[in-house]
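A.B. asks: generate a structure from the sequence data that follows.
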Amino acid sequence: MDCLLSLVEGPCWSPVWRPPRRGSLALGLGFWHATGRHSSRRLLRAIPRQVAQTLQADLLWAMGHMGAGVKVAVFDTGLSERHPHFRNVKERTNWTNEKTLDDGLGHGTFVAGVIASMRECQGFAPDAELHIFRVFTNNQVSYTSWFLDAFNYAIQKKVNVLNLSIGGPDFMDQPFVDKVWELTANKVIMISAIGNDGPLYGTLNNPADQMDVIGVGGIDFEDNIARFSSRGMTTWELPGGYGRLKPDVVTYGSGVRGSGIKGGCRSLSGTSVASPVVAGAVTLLLSSVEHRHLMNPASMKQALIASARRLPGVNMFEQGHGKLDLLRAYQVLSTYKPQASLSPNYIDLTECPYMWPYCSQPLYYGGLPTVVNVTILNGMGVTGVIVDKPVWQPYLPQNGDHIEVAFSYSSMLWPWSGFLALSISVAKKAINWEGVAQGHVTLTIASPRDLKEGSAEQISTVRLPVRVRVVATPPRAKRVLWDQYHNLRYPPGYFPRDNLRMKNDPLDWNGDHIHTNFRELYQHLRSNGYFVEVLGAPLTCFDASQYGTLLLVDGEEEYFPEEVAKLKRDVDRGLSVFVVADWYNVSIMQKVKFYDENTRQWWMPDTGGANVPALNDLLSPWRMAFSDRVYEGDFTMADHEMYYASGSSIAQFPSEGVIVTQELKDQGVEVLRQEVYTQPAVPVLGLFQAPGEGAGRLVLYGDSNCLDDSHRQKDCFWLLDAILQYTAYGVLSPIFTEHGNGKKYQLPHVDSQPQRMDGNHLHRYSKVLETNLAEARARPLPACPHLSWAKPQPLNRTGISPLWKQPKLLSVNPDAVAFPNLHNRRPQVRPLSPGESGAWDVPGGIMPGRYNQDVGHSIPVFAFFGAMLVLAFFVVQITKSRNRPKRRKPTRPKRPPIAVRPTV
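C.D. replies: Model prediction:
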C-alpha cells in the first residue's frame, strides 16, 4: 500500500506513476509542512497554541480525569523508546519491512504527543496507555497487508481508541474497508483525518468517509475552515444516489503544537493534526465517563456531533456538525442513554448556507426527485434493524401534503450504522403552487438482545423533520439536465486526469458531479436563473420534453444502443445537447501507464480524459465526431483569455454548422516525440441547428478543464452562458461569427475515427458493457428506477421552526453537569519564544475576547469579588492609620555641607 502519491518529477507522461493509496494527512505531499512555510493564507498564519488547553481539557484534569485506563493505538511512523514526553507507552510494534521501532520522520511522534504528551506541549490524556503501531517506513511507504496485520493485533490487544492520520481515495480497497468494519464491530473507536485536498469538494479520504468512523476536518484558531481541509460529499453512492454528510466534526488543525521527534515542541498543520486532537479528546472523555460499557463507536460519535458548535456561514460539507466542544461532549456523555440518532438530524431545504446544496434550489413539480442521504447511528448495539418501514407524516397546516417521499434504507445496521435515503418530489397538486411544505419521518430501530449482559431487546424511535421550498414549474428553457450516469472515476479503475500536465495528481477521483468538482459551474448556472437536475440513470429514463439542454460533460462510460436512438428522437423534438469532451489517444494512454507496487501489476488507463469513441457513437446520427489529436494552449476569444488544457479537436461536423478554430500546440506530438509543434486553425467548438421544425441544437467543445474546479486555470463560464443562450433560445451570439472566430467551415475528410484500445478492461467497471468471451458488448438495457411513494399519515399540527432546534439526542441533559471553577492541575508549558503569543497560556485556555459560554460568564463574578477584596484591604489600612497615635520625630543634627574640591 503506497503511503503517498509519489511521482517522479519529470514530464507529465512519465511511466513511473504510482497510484495514490492511503498516506499521511499532514499538510502537503511530505508528511507535514510547518506552518511558517506558508504566509499567503490567513489560516496558515495562525499562532501555535496549546490545543488541549484551548479546548479546556484542564477542567477535566482538575476533576481527576487524565486518560487512565484507556488503550490508544497510534498507527503511524513509530516513536522513539525514551522520548521524554510520554510516561505510559505500553507497547511499540513494527509492521513494516524496516528493522526499527523508532520514528525517523517525526509524524508519529507529533500525533502521539497531541494525544498523550505529559509535558511542554501537553496532550489531552497523558495517563492513557499508548500502543504504537509503526506502519509507515522512513520513505513514507506502506501496504494494505501491513495495515491488516496491525489491525488484527489491535483487535487482539482490545484497544479502545485508534487514530489514523492517514487516508486515500480508494474506498473500494475492500480488504481494508472490511477490516475497518471488523475493528469498529469490536468496539474500537476509530478516528481518521478527512484529507488535505481542499478546498475542492468531493475530496474525502478513506476510511474517514465511512459511516462507522469519526471523520475529522480542520479549522484554524479563528474558527475558519482550513483551506486544506477536504470537503464532502461522499462519492460511494454515485451515480444512482447521493453522498452522505462528512466530515463528522472539525477541530483545530492549523498551527497546532505537538511533540518533536527528539523532544521539545513544534507546530504543524493538516487534518493529520486535527485527527489526534479528536482522538485525544475521545480518550479523555472515555476515562471520564462512569458507565464505560455504554461507550462504542456510535455512542461516541453521537456525543461528539450532538455537542459540536456550528460555525456560522459554513455549509455542512465543510464543517460537518460543527466544531468539537470537549466540555459539552463530556456533559452529553454524563447523561447519555443508548439510543439511535440521525446525521443530519433534520432536513431543511430552506436553510442556507448550512444545508447547501439542497437549499440552493427549490423543488417543483416534474423535476427529478431530490435525494438526501441520512446516516443512522445505532448506539444500542453493533447490529440493528429498522422495524417495519419509515413513516412519512406531513403537517397539513404547513402544506406537507404538497410533497411526496420515498425511502430506501439499510436492511441491516452494521456495524453501528446504516443509511436512510429520502427521495423528495412535488405532488401534482402543487404544479403551480409556491410555498414551504413541512412534515417529518418517523422510524424505529431495534437492536437484538445482548447475550453477555442479558439485556432485553432495545428499541429507539427517531424523528426526522423535513422542510422544503416549492415553486411553480420553471419553463423548459431554464431547465438543464446533468448526465451523471456516464461519468466514471477512480476507484475502481484507472481513469486519468483531464489535464495531462497534472503529473502530481494523475487520477480522476472527485466524482465529476455538480456538487463536487463542478460545484462552481453549478453555482454559476443557479445565479443565472437556471434549474439544474442530475440524471443518475440511462438517457432512456428521462422525459426530454421537460428540459431545454442536456449537459454531457467529461463522460467516460459507454452508451447503450437504445440511448443513441432515444437521444436522436429527443433532439428532433426540441431537446438541445451540449457535449464537452477531453483528450483521447491510445498511444498516450499506453504512455501514461504505471507500475503499482501494491498489486505488482502495470496499470493501464482504459480510456482517456473522456471516452471519445463512445461519444462519437452517440453523435453519429448527426455526422459529428471528435478526433484523437490532443491540443493545449492559450488563446483569446471575444476579449476573454482562454486556456485549452489537453483537449481534443472536432474531426467531423455538418457543413451547415458553425466552427470556431484556434491556433494550439499539438500536445500529443510533445508527449510521444518530445517535439513542439503548433497547428493553426484547430476546430475546438462547433454549433449546429438540427434539421426539422422544432428540432433542438447541438454544441461540441473539446475541453472540460475550464469548467472543472480540479485544475482550472481560466474559467469559461462566459462561454457556457453564450452556449446556453443558443441551446435554450436559439440565439447565436456574435462572438461565434464575428472577427473571424466562427464561420461555415468544411472540415477535411477523415478516413478513420478514434478506436478503442485493444485489450482494455473498461468492462470491469462499466454499467453498460459485459464480457462475452474475448470481446465486450452492451448489457441488456436496465429498467429505469421506479420509486414507491410512502403512504402519508397526515397530522393536523405544526412543526418546530427553525429545525436546527430539533434535539440531536433524546433524554440527554448536558446542562445538569457542572465543572469546577478552579484548576487544580496546571499543565507544564515551555517559556514563550520571542514574538510568540501567550494566548494559549491563559488559564483554562480561554482566549481574550473569545470566551467559552460555559466558563466566560463566571469571569465578571470573580472580577467583582476581587475588586471588593482589594477595596476592603485599603479601607482597613486607612482606618488603622487614623487610629494609631502620632509619634514625634527625633531631631537630627544637620550634616555639614560637603566641599567639592576642584579637579586639577
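A.B. asks: now do the same for the closest residue to Val731 other than its chain neighbours: helix, strand or coil?
C.D. replies: Distances taken as Cβ to Cβ, 6 or more residues apart in numbering place Gln725 nearest to Val731, at 4.7 Å, with adjacent residues excluded. Just so you know, the C-beta spots here come from the backbone N, C-alpha and C atoms, and that holds for glycine as well. Put simply, Gln725 is helix when judged by DSSP: H, G, I helix; E, B strand; the rest coil.
A.B. asks: same check, this time on the one 10 residues further on
C.D. replies: Reduced to three states with three-state DSSP, the structure at Ile735 is helix.
A.B. asks: count of residues packed around the residue lying closest to it once chain neighbours are set aside?
C.D. replies: Counting by Cβ to Cβ, 6+ apart, Ala638 is the residue found nearest to Ile735 once chain neighbours are left out, at 3.8 Å. For Ala638, the tally of surrounding residues (other Cβ atoms under 10 Å) stands at 15.
A.B. asks: ends of stretch 329-349, how far apart?
C.D. replies: 28 Å (Cα to Cα, to the nearest Å).
A.B. asks: so which bits of that stretch are buried?
C.D. replies: Residues of stretch 329-349 classed as buried: 329-334, 336, 338-349 (neighbour count, 16 or more other Cβ atoms under 10 Å).
A.B. asks: can you give the distance of that stretch from its chain's centre?
C.D. replies: Distance of stretch 329-349 from its chain centroid, counting by Cα atoms, centre = their mean, to the nearest Å, is 21 Å.
A.B. asks: state the mean pLDDT of that stretch.
C.D. replies: Taken as a whole, stretch 329-349 has an average pLDDT of 96.
A.B. asks: surely Asn160 and Ala68 touch.
C.D. replies: No. Because the distance of 11.9 Å does not satisfy Cβ atoms under 8 Å, Asn160 is recorded as not touching Ala68.
A.B. asks: so between the two, which is more surrounded?
C.D. replies: Shown here are Asn160 and Ala68; by other Cβ under 10 Å, Asn160 has more neighbours (22 against 15).
A.B. asks: residue contacts, the more buried one?
C.D. replies: Neighbour list for Asn160: 70-72, 187-189, 283, 286 [criterion: Cβ atoms under 8 Å, 6 or more residues apart in numbering].
A.B. asks: one more pass at 7 Å, please.
C.D. replies: 70-71, 188-189, 286 (Cβ atoms under 7 Å, 6 or more residues apart in numbering).
A.B. asks: repeat that for Asp173.
C.D. replies: Thr144.
A.B. asks: how close does it sit to Thr144?
C.D. replies: 6 Å (Cβ to Cβ, to the nearest Å).
A.B. asks: same question for Gln806.
C.D. replies: For Gln806, the distance to Thr144 - Cβ to Cβ - is 41 Å.
A.B. asks: check Phe228 too.
C.D. replies: Taking Cβ to Cβ, one finds Phe228 at 25 Å from Thr144.
A.B. asks: likewise Asp751?
C.D. replies: Counting by Cβ to Cβ, the gap from Asp751 to Thr144 is 47 Å.
A.B. asks: which of the two has more neighbours?
C.D. replies: Set side by side, Asp751 and Thr144 show more neighbours around Thr144, with 19 against 4, by other Cβ under 10 Å.
A.B. asks: excluding chain neighbours, what is closest to Gly633?
C.D. replies: Leu664 (4.0 Å).
A.B. asks: was I right about that neighbour contacting Glu632?
C.D. replies: Yes. Leu664 is in contact with Glu632 according to Cβ atoms under 7 Å; the separation is 6.4 Å.
A.B. asks: pLDDT weak spots in the stretch 1-150 of the chain?
C.D. replies: 1-49 (pLDDT under 70).
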